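> model the following, please.
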Amino acid sequence: MGPFFSVTVGLGDPQGQRFEDVDALVDTGATLTTAPASLLKRLGVTPTRKGTFRLANGQQVEMDMAETRVSVEGLETTTWVRFGEEAAPALLGALTPEGLLLGVDPFNRRLIPVEGLLM
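You can find the predicted model right below:
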């Protein structure tokens, strides 16, 4: 069994009134949480900017981004999300769990509460 695991992420509209659950692969190598563009659009999330991202193969791509509400492990926050391809899996990127003070326990394949740092 590898270190990869999935968690349920509630993707919401920007107001946090409607959420849809998705199984997202925890990917701390990805900066942003990513979901299929059609799901984000269905929730009323519209792109507000483009960002440049480097893919695993080294290629750089420009992709749509927006801020919206998400829920992970019973905690809710606003975070940046990337509009992904329809066939690609949803990803929980590093920014979202860090903002919720959650860390990755790769041995038990789960997210765990961590303390914030002010050093």
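> show me where the protein has helices.
Assigned by DSSP state H, the helices in the chain fall at 37-42, 95-99.
> now render those as TSV, adding distance to E115 and mean pLDDT.
(Glycine included, C-beta is placed from N, CA and C.) As requested, the helices of the chain are arranged in TSV below (distance: least, Cβ to Cβ, whole Å; pLDDT from 0 to 100):
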stretch	distance to E115	mean pLDDT
helix 37-42	31	97
helix 95-99	12	96
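> out of the ones you listed, nearest to A30?
A30 sits nearest to helix 95-99 of all the helices of the chain, at 8.9 Å, using Cβ to Cβ.
> and the contacts of that closest one?
Contacting residues not belonging to helix 95-99 are listed as 9, 26, 31-33, 70, 72, 77, 79-80, 103-104, 111 [Cβ atoms under 8 Å, 6 or more residues apart in numbering].
> buried set for that helix?
95-97, 99 (16 or more other Cβ atoms under 10 Å).
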